[in-house]
Structures are given as C-alpha cells and as structure tokens.
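[1] dropping the sequence and predicted coords here.
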Amino acid sequence: MSKATLKTIAQYTGLSVTTVSRALKDGDDVKQPTKDIVKAAAEKLGYRPNLSGIGLRTGKNYNVCAVLPVMRPGDLVGDIGTLALIEGFTAALEGTPYHLTVLPLQPGVDPMVPVRYAVENNLAGGMIINLTEPNDARVRYLCEEEIPFVTFGQTELSVDHAFYDIDNYDFGYRAAGFLYGRGCRNIRMINTSLQHTYSWHKYFGARRAAMEFGVPFEQETHVIQDTTVADYRALGCALGQAAESPDGFLCSSEVSAMGLSAGLQDAGKVVGKDVHIVTVETCSLPDYFMPPISGFRQNFHEAGRQLIDFLLQLMDGASPQSLKMVHKMAFFERT
C-alpha cells in the first residue's frame with residue numbers, strides 16, 4: 001500500500017489539499033467539524049507528516065536523539081531501566097511531529113563520539129545524554145553547537161543546562177541509614193564508576209549517614225567499583241568468608257544484589273539476619289528475590305517522559321533555567 005499523503009486525504013474526504021493541510025495544523029480558518037473529519041481520515045489512512053518536508057519549510061530539525069549506554073559483553077542482562085526509559089521517550093513523543101533516534105554508547109568508547117556523530121549528521125534537533133560527569137565535555141560541546149539538550153543526571157559545570165536526575169544523594173543517605181538502623185556497622189557500597197556525578201552523590205549520602213551513626217565509611221575501604229567486579233556471586237562468597245565479613249551492602253542494581261545474595265548464602269551467611277542488602281531497582285524483579293531484599297525504585301518510564309517534556313520545551317525556545325528536576329526514589333521494604 002502506498003504511503004498516504006495530503007492529496008490522498010483530500011481525495012478521500014472530497015476537500016481541497018489546502019483545507020486538509022490547514023485542518024491538520026488546527027488552523028483558525030477551518031471549522032472544528034472539518035478538522036475532525038480530516039483527522040479521522042488521516043488516522044484511518046495511516047497518514048504521517050513528512051518530517052523532512054516540514055523541516056525544509058520551517059527550518060526546524062524534528063529529530064530527537066538519545067545517547068544511551070549498552071550492556072557490556074558477558075553481562076547476563078543489560079541495563080533493565082533502559083527499555084523503560086525508551087518507553088517513556090516514545091510515550092511522550094506520541095502525537096508530536098518529532099522522531100526519536102537512539103544511539104548506543106558502547107563500553108569503552110569516548111562518550112563524545114556518538115554525540116559528535118549525531119550533531120555532524122544532523123540527527124539532533126535536540127539531544128538527551130546519560131551518565132553525566134562533573135566536568136562533562138558533551139555539555140560544553142552541545143552548548144557551543146547551540147543544540148538544545150537535556151541531561152539525565154547533573155554536572156558540576158557553571159553552564160546553565162536543563163536536567164532530570166534521580167536523587168542519588170538521598171538514596172545513599174537513606175539506604176545507609178536503613179542498614180545502620182538494622183545494626184550493621186561494616187557496610188560496603190557497590191558503586192558505579194567515579195567518573196559519573198551520581199556515583200559521588202551516592203557516596204556522600206552514605207557517608208553522611210555513617211557520620212550520624214558514628215561509623216567509619218571511606219571511599220578507599222568501604223566502596224567497591226562495579227567496573228572491577230567480574231562475578232558478583234564469587235565476590236559475595238569471598239566477602240562472606242572474610243575474617244571481618246561485611247554485614248551490610250548497598251547495591252547499584254538488581255543484578256549486583258542478586259549475585260551478592262547468592263554468594264553470601266554460598267558462604268553460609270543468612271541474608272536478612274547475618275547480613276543485610278538494600279539495592280537500587282528499576283522494576284519489580286526484586287519482589288521475587290528469596291530471601292527478600294529491600295530496594296529504592298527508580299521510575300525510568302516517568303524519567304523518560306520528563307526528559308522529553310523538558311527537551312521539547314527547549315526546542316520551542318524555552319530557557320533551561322526552570323527545566324531542572326531531582327526526583328526521590330520510593331522505598332520498598334521487604335521482610
């Protein structure tokens with residue numbers, strides 16, 4: 001079947017191409033009943049606007065480009081939250097003239113590479129970037145190129161930019177406080193690369209809780225970088241057999257929590273009694289962990305919708321000053 005055009009709709013409805021075009025744009029000179037007829041016909045015929053043609057007429061780039069990380073080779077599962085994030089993007093773009101392109105950020109690749117590719121190939125009327133760094137070169141570059149963008153995460157730059165972020169400082173503080181409240185005094189945090197801003201936020205949040213409980217918590221001795229972990233089950237078993245075995249863990253994902261739990265049980269530890277685990281989670285998977293593990297839920301679908309909402313406002317000329325949001329995670333205590 002050939003692609004529906006304005007002419008196709010005009011022939012179907014018996015209206016002129018000009019009237020059809022104005023009706024689809026909600027023109028003030030077209031009566032509402034006519035708009036309803038045209039839009040119903042467009043839906044039935046599967047009409048989609050030609051973004052290239054619209055861009056040529058308006059001078060606006062309708063491409064929304066998101067650069068998202070992909071799983072490392074050998075991972076059992078990828079970033080569970082990425083699919084929910086993309087789902088949020090597409091839901092927020094439904095009914096708009098914008099087109100979504102997702103570019104992968106491969107492990108070990110300079111984060112600037114896909115961003116430059118998108119800009120240089122005109123894929124980016126607006127961009128969303130993830131895994132922000134305190135001094136993020138991508139933010140400076142996009143500002144210089146005058147490309148509207150939103151970051152999923154914060155930076156420490158003086159450049160004013162729009163962002164949506166999960167309150168990782170709050171997670172670190174509340175999660176560590178939860179473990180200390182359970183009697184833990186020798187906890188470990190499984191954290192992501194310290195090149196990312198949110199990793200430092202988690203650490204400083206947990207450190208604040210440790211100070212309030214009068215317990216030591218240092219980067220060098222109490223934090224394990226997930227980039228150094230090849231097998232979480234093996235790590236859990238080794239730590240469970242150590243002379244001064246940790247009695248609490250803050251995990252960065254469902255996968256690390258699941259692996260550590262299995263390894264600790266291999267070492268003869270009773271999770272929930274001898275050792276406690278709390279994790280960041282992006283879905284309901286932890287509801288099925290046995291023994292139960294409490295978690296802080298990130299709503300990636302809502303994050304995706306909010307990122308797109310901010311980006312579309314920027315692409316329509318809004319200032320980034322008011323387009324900033326930090327969302328606290330919901331806590332699910334499981335016993």
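    Alright, I've got the coordinates.

[2] and the residue nearest to R208 when sequence neighbours are not counted, helix, strand or coil?
    Of all residues beyond its chain neighbours, the one nearest R208 is Y173 (5.4 Å), with distances taken as Cβ to Cβ, 6 or more residues apart in numbering. Glycine gets a C-beta too; all of them are placed from N, C-alpha and C. What DSSP: H, G, I helix; E, B strand; the rest coil gives for Y173 is helix.

[3] quick check, H276 in a strand?
    Yes. With three-state DSSP as the criterion, H276 is located in a strand.

[4] give me every residue that touches it.
    Taking Cβ atoms under 8 Å, 6 or more residues apart in numbering as the definition of contact, the neighbours of H276 are L179, R182, C184, D247, G248, F249.

[5] one more time with 6 Å, if that's ok
    For H276, the contacting residues are L179, R182, C184, G248, taking Cβ atoms under 6 Å, 6 or more residues apart in numbering as the criterion.

[6] specify the beta-bridge partners of it.
    Judged by DSSP bridges, the bridge partners of H276 are G248.

[7] swap in the one 5 residues further on?
    When bridges are taken as DSSP bridges, the partners of E281 come out as R297.

[8] enumerate every residue touching it.
    Taking Cβ under 6 Å, 6+ apart as the criterion, E281 is in contact with E254, G295, R297.

[9] quick check, pLDDT for it.
    pLDDT, E281: 93.

[10] now L314
    For L314, the model assigns a pLDDT of 95.

[11] below-threshold pLDDT in the stretch 1-150 of the chain: ranges please.
    Of all residues in the stretch 1-150 of the chain, those with pLDDT under 70 make up the ranges 1-2, 49-60, 71-80.

[12] can you give me the helices for the stretch 101-250 of the chain?
    In chain order, the stretch 101-250 of the chain shows helices spanning 112-120, 137-145, 168-181, 197-213, 219-222, 232-241, with DSSP state H, counting those that start in this stretch as the criterion.

[13] from G14, how far out is the residue nearest to R208?
    Per Cβ to Cβ, to the nearest Å, Y173 is found 65 Å from G14.

[14] tell me which of those two has more neighbours.
    Y173 (21 against 8; other Cβ atoms under 10 Å).

[15] got the contact list for the more buried one?
    In this structure, Y173 makes contact with G205, R208, A209, judged by Cβ under 6 Å, 6+ apart.

[16] buried only: go through these for me.
    For the contacts of Y173, burial is judged from neighbour counts taken by 16 or more other Cβ atoms under 10 Å, and it is met by G205, A209.

[17] and which of the contacts of Y173 is nearest to A318?
    Checking the contacts of Y173 against A318 with Cβ to Cβ, the nearest one is G205 at 30.9 Å.

[18] quick one, what contacts that closest one?
    Y169, G172, Y173.

[19] need the pLDDT of it.
    Model confidence at G205, expressed as pLDDT, equals 98.

[20] now swap in the one 5 residues further on and tell me
    pLDDT recorded at A210 is 98.

[21] okay, now S294: neighbour count?
    As a burial measure, S294 scores 22 neighbours (other Cβ under 10 Å).

[22] list the contacts for it?
    The contact partners of S294, taken as Cβ under 6 Å, 6+ apart, are V278, E333, R334.

[23] which non-adjacent residue is nearest the second one?
    Taking Cβ to Cβ, 6+ apart, and ignoring the residues beside it in sequence, E333 has S294 as its nearest neighbour in space, at 4.8 Å.

[24] against I277, how distant is that neighbour?
    S294 sits 8 Å away from I277, taking Cβ to Cβ as the criterion.

[25] ok, P97 touching V64?
    No. Distance between P97 and V64: 10.5 Å, which falls outside the contact criterion (Cβ atoms under 6 Å).

[26] who has more neighbours, these two?
    Using other Cβ under 10 Å, the more surrounded residue of P97 and V64 is V64, with 26 against 14.

[27] quick check: that one touching G126?
    Yes. Contact between V64 and G126 holds when scored by Cβ under 6 Å: they sit 5.3 Å apart.

[28] so E43 belongs to a strand, correct?
    No. The assignment for E43 by three-state DSSP gives helix, which leaves it out of any strand.

[29] around it, how many other residues sit close by?
    If you count neighbours by other Cβ under 10 Å, E43 ends up with 9.
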